[in-house]
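**Q** give me coordinates for this.
(2 chains)
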Amino acid sequence: MTLLTMIVKLAEGLGKTCAIFFLTLLFSLPLGMVVALLRMSKNRIVSGVTRFIISILRGTPLMLQLLAVTYGPYYLFGAGVARNKLIPVVVAFAINYAAYFAEIYRGGIESIPVGQYEAAEVLGYTRLQTFVRIILPQVIKRILPSITNEVVTLVKDTSMAFTVSYQEMFTIGKQIANSQTSFTPFLVAGVFYYVFNGVVDFAMGRIEKRLNYYQ
Amino acid sequence: MKIMELTHVKKSFADATLHVLKDISLSVEKGEVVAIIGPSGSGKSTLLRCATLLTDMDAGELCYDGIFAAKNDENGRAVYADKATLKQVRGKFGLVFQNFNLFPHYSVLKNLTDAQIHVLGRSKEEAEHRARALLDKMGLGDRGSAYPCELSGGQQQRVAIARALAMDPEILFFDEPTSALDPELTGEILKVIRALADEHMTMVIVTHEMAFAREVADRVIFMSGGVIVEEGPARQVMDDPKEERTRQFLRNYQR
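**A** Sure, this is the predicted structure:
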């Protein structure tokens, strides 16, 4: 197999890697906010249960969670394993990343001085207006560096989908490596991940810069 | 005509760091300027926070312009009115904080217009017109597009005063408006408040600026240990206090 064929095959897998990446962000970023709000709930049962779930999602390997979401239904209820593995893969990734984002959001929300809430309250903003107009924009600016960290990790974590044989780039790389007894496909995949993260870094840097108009 | 009336307010805190109110009553007439003075921990700020609905009273009644925000139930516990009433009440007053609490992500102009548009329902043009007039009045006519972090403390506080005025409150509260400022910047804030007093804006000012209180306020209230020790016409309380505690407090300040 020539290097070019290898690159083409891996690039085909890159499309699926991107699918995991973007779909995970699409679902986990909003879901994380819901989880963060539940975690900060004044109802102790709600916040306690949420806290427990977060601790499980952060305290067990993502790889295990991937296997559990993909094959769990089969072992538990004898249900068939999803033919399109993208669904369980994205479900597992979205839930796992939502737990991490939730803790980042919570830290950001709790770092906003109470005076901001009080000023908004005295001016007559509703609680929802206060959150959306006053608190959230400031939170986003503060947490952006932490979010960038997670997003960079996500790019590399997508490779874990190989454990459930989803045909993303790393899975394909491993298959080629096995059949050709060559390490080259891994190196090529590594370059792809590196470039992918370069793009992520650039994009996040642009967003951070745009929010730099105030201290 | 009474704009605000607080009666028999009681407030204690679980952690009992002494910010307690022991049966305090305060009413403010339209056009009146009231200064509240007293040592720290005397309950001045807590009183202001109760009046502006930021802190719930344990007992007592709060009424703005005939609308009750809180009334005592038969057990003497303060019960607050429903959301709609409280919203109406919040429209009656403004509050200027010690540390400004401007919204850092909004420009100066947007700090002044956002609540007008989204709380009062004014049009953008109307809100900006009002905001620009107030900024001119505060001597900040050219800073509308600046962000709060680009302004000095004194400028930020003037923006905060303008933000409160933009909502057309009937009464404006100040919680130690100069305490977070460098001494050379307090003058510009006091000048603004003095100008508002000349326009007969109804104001309640918690302050440590004794000379200012004496000069600007119609009435001075001296608080200590969670009670009103003495109140009366500004000059009388400041120049010829009747209570020994007031005398002692003022003497410490003159040094």
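
**Q** next, count neighbours for B:Val28.
**A** 23 (other C-beta atoms under 10 Å in any protein chain shown). C-betas here are computed from N, CA, C, even on glycine.

**Q** pretty sure it contacts B:Leu172?
**A** No: the pair B:Val28 / B:Leu172 is not scored as a contact, 10.6 Å apart, by C-beta atoms under 8 Å.

**Q** residues shared between the contacts of those two?
**A** B:Thr202, B:Val204 (C-beta atoms under 8 Å, 6 or more residues apart in numbering or on different chains).

**Q** next up, the contacts around the residue of chain A most remote from its centre.
**A** The centre of chain A is farthest from one residue, A:Val122, which by C-alpha atoms, centre = their mean lies 37.3 Å away. A:Val122 sits next to B:Thr52, B:Leu53, B:Leu54, B:Arg90, B:Phe93, B:Gly94, B:Leu95, B:Ala164 when contact means C-beta under 8 Å, 6+ apart.

**Q** need the buried ones from these selected in ChimeraX.
**A** Applying 16 or more other C-beta atoms under 10 Å in any protein chain shown to those, the buried members can be selected in ChimeraX as follows:
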select /B:52,53,54,90,93,94,95,164
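
**Q** tell me which of the contacts of A:Val122 fall in helices.
**A** B:Arg90, B:Ala164 (DSSP state H).

**Q** what helix or strand is the residue lying closest to A:Val91 once chain neighbours are set aside located in?
**A** Closest residue in space to A:Val91, ignoring its immediate chain neighbours: A:Val69 at 5.3 Å, by C-beta to C-beta, 6 or more residues apart in numbering or on different chains. Assigned by DSSP states H and E, A:Val69 falls within helix A:62-77.

**Q** right, and the helix or strand after that helix?
**A** Counting by DSSP H and E, what follows helix A:62-77 is helix A:86-110.

**Q** now the helices for the stretch 51-200 of chain B?
**A** For the stretch 51-200 of chain B, the helices defined by DSSP state H, counting those that start in this stretch occupy B:83-90, B:108-118, B:124-137, B:153-166, B:183-198.

**Q** now the helix or strand where B:Glu230 lies - C-alpha only, CSV.
**A** According to DSSP H and E, B:Glu230 maps onto strand B:227-233. Output in CSV follows, covering the C-alpha atoms of strand B:227-233 (Å, rounded to 0.1, in the frame of the first residue of the first chain):
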residue,chain,number,x,y,z
VAL,B,227,-31.0,51.3,66.4
ILE,B,228,-31.6,54.9,65.4
VAL,B,229,-29.9,56.8,68.2
GLU,B,230,-30.7,60.2,67.0
GLU,B,231,-32.3,61.9,64.1
GLY,B,232,-33.2,65.4,63.2
PRO,B,233,-32.4,68.4,60.9
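
**Q** who in the stretch 151-255 of chain B is up against chain A?
**A** Listed as neighbours of chain A in the stretch 151-255 of chain B under the rule C-beta under 8 Å from any C-beta of the partner chain: B:Arg163, B:Ala164, B:Met167.

**Q** looking at chain A, which helix is longest?
**A** Chain A, longest helix under DSSP H: helix A:3-39.

**Q** next, the buried residues of that helix.
**A** A:6-7, A:9-10, A:13-14, A:16-17, A:19-21, A:23-25, A:27-29, A:31-33, A:35-39.

**Q** give me the angle between that helix and helix A:86-110.
**A** 50 degrees (axes from the mean of the first three to the mean of the last three C-alpha atoms, to 10 degrees).

**Q** what's the burial count for the residue nearest to A:Ile176 when sequence neighbours are not counted?
**A** Using C-beta to C-beta, 6+ apart and skipping residues adjacent in sequence, the residue nearest A:Ile176 is A:Pro185, 4.2 Å away. Using other C-beta under 10 Å, A:Pro185 has 25 other residues around it.

**Q** same question for A:Ser111.
**A** With other C-beta under 10 Å as criterion, A:Ser111 counts 11.

**Q** test my guess that it contacts A:Arg142.
**A** Yes: contact criterion C-beta under 8 Å: A:Ser111 and A:Arg142 qualify, at 6.0 Å.

**Q** now the stretch 151-255 of chain B against chain A: closest residue?
**A** B:Met167 (6.4 Å; C-beta to the nearest C-beta).

**Q** test my guess that that residue contacts B:Phe93.
**A** No: with contact defined as C-beta under 8 Å, B:Met167 does not reach B:Phe93; the gap is 9.1 Å.

**Q** ok, the residue nearest to A:Val91 - contacts?
**A** With C-beta under 8 Å, 6+ apart, A:Val69 has these contacts: A:Pro88, A:Val89, A:Val91, A:Ala92, A:Ile95.

**Q** just the pLDDT for the residue farthest from the centre of chain A.
**A** Note on A:Val122: pLDDT of 96.

**Q** for B:Phe212, same thing?
**A** 89.

**Q** relative to A:Leu76, how far out is the closest residue in space to it that isn't next to it in sequence?
**A** Spatial nearest neighbour of B:Phe212, chain neighbours left out: B:Leu190 (5.2 Å); criterion: C-beta to C-beta, 6+ apart. For B:Leu190, the distance to A:Leu76 equals 72 Å [C-beta to C-beta, to the nearest Å].

**Q** so those two - more neighbours on which side?
**A** The neighbour comparison of B:Leu190 against A:Leu76 (other C-beta under 10 Å) goes to B:Leu190, with 18 against 9.

**Q** OK, contacts around that one?
**A** Applying C-beta under 8 Å, 6+ apart, the residues contacting B:Leu190 are B:Thr178, B:Glu209, B:Phe212, B:Val216.

**Q** A:Pro61 too?
**A** Counting by C-beta under 8 Å, 6+ apart, A:Pro61 has no contacts.

**Q** quick one: it from chain B, how far?
**A** 38 Å (C-beta to the nearest C-beta, to the nearest Å).

**Q** backbone dihedrals for that residue, please?
**A** phi -60, psi 140 (degrees, to the nearest 10).

**Q** per-residue pLDDT of it, please?
**A** The model's pLDDT for A:Pro61 equals 96.

**Q** residues near the spatially closest residue to A:Tyr71 that is not a sequence neighbour, how many?
**A** Closest residue to A:Tyr71 apart from its sequence neighbours, by C-beta to C-beta, 6+ apart: A:Val81 at 6.2 Å. Residues near A:Val81, counting by other C-beta under 10 Å, number 13.

**Q** show me the contacts for A:Val81.
**A** So A:Val81 contacts A:Thr70, A:Tyr71, A:Pro73, A:Tyr74 (C-beta under 8 Å, 6+ apart).

**Q** run through who's touching stretch B:29-37.
**A** Counting by C-beta under 8 Å, 6+ apart, B:1-3, B:26, B:28, B:44, B:47-48, B:170, B:197, B:200-208, B:210, B:212-213, B:216-223, B:234, B:249 sit against stretch B:29-37.
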